Structures are given as structure tokens and as C-alpha cells.
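Engineer: Need a 3D model of the following:
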Amino acid sequence: MWAICQLEFFRLFKSMKSLITVAFIVGVSYWVSDLVNQAASFLPTQELAKGHALGVFALVMLFGPLFVFSLSHDVLNRELAGRTIRFLVTRTSRQKIIVGKFLGVLLFWLACMVVTFGVVLATVHTFDAKTFYQCVTLLVYCISLALLLSLAVPRPSYTMFLGIVVAMALPGVGLWSLFSSHPAAQWIAYLTPFKFIEKGVAWTGFIWLYAALFLTASIFLFRRRDC
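Structural biologist: Predicted coordinates:
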């Protein structure tokens with residue numbers, strides 16, 4: 001399982017598209033930090049620290065799903081289509097393959113968040129643990145959903161399109177359900193991670209529960225899949 005985790009992590013790490021994505025996130029974070037620094041004389045110290053983290057938070061909330069799905073939409077069906085999955089199936093259990101893939105992608109994004117928040121830390125010498133946790137929690141939700149989508153849809157070209165659609169719809173539906181007075185909005189809101197994040201850290205446990213359900217469904221589908 002750990003070998004699969006390492007392989008997936010280094011696959012993402014060596015990808016040019018991944019490096020560009022990380023550079024974009026870090027670059028925007030640095031730019032936001034610079035803007036907040038320019039307003040330092042108008043903000044108290046506590047609000048100044050939150051202002052730096054807020055830029056990262058907004059970026060991940062709006063574009064985090066797009067980043068994850070664009071890089072990991074084919075995390076499993078790529079190997080299923082190329083038949084390379086047979087090599088793994090003969091050497092370890094299918095459950096360990098799913099968990100290993102998930103941990104590998106999560107490790108990559110965790111490293112990305114550490115670097116990004118490191119930029120904020122170097123700027124204001126303050127680490128916002130709450131915002132860091134919220135960003136990681138949203139990414140966990142997206143990674144597990146991308147993994148499930150990669151198993152449910154056999155062709156990588158299809159998941160690339162569907163991943164972009166889901167990644168764009170998820171923040172849109174989430175924000176709409178938060179601010180809409182439509183009767184259905186209050187129910188739809190609890191299908192997205194944004195409602196739980198908005199309600200506070202104590203509620204984010206439900207997001208991890210959703211991630212666990214997605215992973216369980218992925219394991220179930222993979223066990224029924226003929227490789």
C-alpha cells in the first residue's frame with residue numbers, strides 16, 4: 001500500500017501540469033500576501049494574519065476541486081484502460097490499491113498546502129491552523145470523489161470532461177445553496193462540503209464521513225470490476 005502511495009505521489013510530483021498548478025497556487029498566495037502587507041497600516045495584527053490565510057482559503061474553496069479533478073480524474077481508470085492494474089492486483093489487495101492511491105494523491109496536496117501556508121508563515125510569521133485544516137478537508141473530499149469517479153467511468157477521456165463539470169459545479173452549487181432561499185437549497189447544501197465548513201470546524205467531521213463513504217464505494221466497485 002505504501003509503495004503505491006509513493007508511486008502516485010511521485011507521479012504527480014514529476015508531472016509538469018502538477019508543478020504548474022502548485023506554482024500557480026503558491027504564486028497567488030504570495031501575491032495576496034503582498035497586497036495584505038500593503039494594507040498592514042490599516043489592519044490590526046490579528047486581522048492581518050487572517051487576511052493572508054483568507055487568500056489561500058478563497059483560492060482552494062473556489063478552484064481546489066478543479067485542481068484536484070484536473071490532475072487526478074484518471075487516477076485509476078488510466079491503469080485499468082492500459083491493463084497495468086493487473087500487475088498491482090496480483091501483488092496486493094484491491095482495498096490497499098484504493099487506499100494507497102488515495103494517500104498518494106492526498107500526500108501530494110498536503111505537501112502543496114504546507115508550501116503554500118509556508119509562504120504565509122514567512123510573510124507574517126503566523127500559521128492559521130484552522131484555515132489549513134479547512135483547506136485540507138475540502139481537498140480530502142475532492143480526492144475521494146475523484147477516485148470514485150475514476151472507477152465509475154471507465155474511460156479517462158470521459159472522466160476528464162466529467163471531472164471539469166463536477167469541479168465547476170461543486171463550488172457553484174455549494175455557494176448557491178448557502179445563500180439561496182429556495183426550499184431545496186437547505187437540503188442540497190448538506191451534499192456539498194461548503195455548508196459544513198461554513199458552520200464551523202466541529203461540523204467538518206461530516207466531510208470526512210463523506211470521504212470515507214466515497215472510498216468505501218470505490219473499494220466496492222473495484223472489487224466487482226474485472227481487471
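Engineer: what's around Leu106, how many residues?
Structural biologist: Leu106 has 20 neighbours, counted by other CB atoms under 10 Å. In short, each C-beta sits where N, CA and C put it, glycine included.
Engineer: Surely it touches Thr137?
Structural biologist: No. Using CB atoms under 8 Å, Leu106 is not in contact with Thr137, being 11.2 Å away.
Engineer: close enough to count as contact, Leu12 and Leu106?
Structural biologist: No. Contact criterion CB under 8 Å: Leu12 and Leu106 do not qualify, at 10.5 Å.
Engineer: Output the below-cut-off pLDDT ranges for the chain.
Structural biologist: Under the criterion pLDDT under 70, the flagged ranges of the chain are 33-52, 124, 227.
Engineer: Kindly recompute the last result at 50.
Structural biologist: For the chain, the stretches with pLDDT under 50 are 43.
Engineer: And for Leu76, the neighbour number?
Structural biologist: Leu76 - counted by other CB under 10 Å - has 27 other residues nearby.
Engineer: Please name the residues that touch it.
Structural biologist: Ile85, Ile98, Lys101, Leu147, Ser150, Leu151, Ser218, Phe222 (CB atoms under 8 Å, 6 or more residues apart in numbering).
Engineer: Quick check on the fourth one: phi, psi?
Structural biologist: The one in question is Leu147. Backbone geometry at Leu147, expressed as degrees, to the nearest 10, gives phi -60, psi -40.
Engineer: Show the contacting residues for it.
Structural biologist: Per CB under 8 Å, 6+ apart, neighbours of Leu147: Ser72, Val75, Leu76, Ile98, Lys101, Phe102, Val105, Phe214, Leu215, Ser218.
Engineer: For it, give its distance to Ile188.
Structural biologist: According to CB to CB, to the nearest Å, Leu147 and Ile188 sit 23 Å apart.
Engineer: cool, the second one as well?
Structural biologist: Distance, Ile98 to Ile188, using CB to CB: 28 Å.
Engineer: how about the residue most central in space within the chain, what does it touch?
Structural biologist: To find the centre residue of the chain, average its C-alpha atoms and take the closest one (CA atoms, centre = their mean): that gives Leu139, at 2.2 Å. Each residue near Leu139 by CB under 8 Å, 6+ apart is listed here: Val60, Gly64, Val68, Leu106, Trp109, Met113.
Engineer: make it 7 Å
Structural biologist: Contacts here follow CB atoms under 7 Å, 6 or more residues apart in numbering; on that basis Leu139 touches Gly64, Val68, Trp109.
Engineer: how far out from the middle of the chain is the longest helix seen in the chain?
Structural biologist: Ordering each helix of the chain by length in residues (DSSP state H) puts helix 94-124 first. The chain centroid and the centroid of helix 94-124 are separated by 9 Å, computed with CA atoms, centre = their mean, to the nearest Å.
Engineer: Which neighbouring elements make contact with that helix?
Structural biologist: Helices and strands touching helix 94-124, by 3 or more CB pairs under 7 Å, 6 or more residues apart in numbering; DSSP states H and E, are helix 2-14, helix 16-38, helix 45-72, helix 129-152, helix 205-224.
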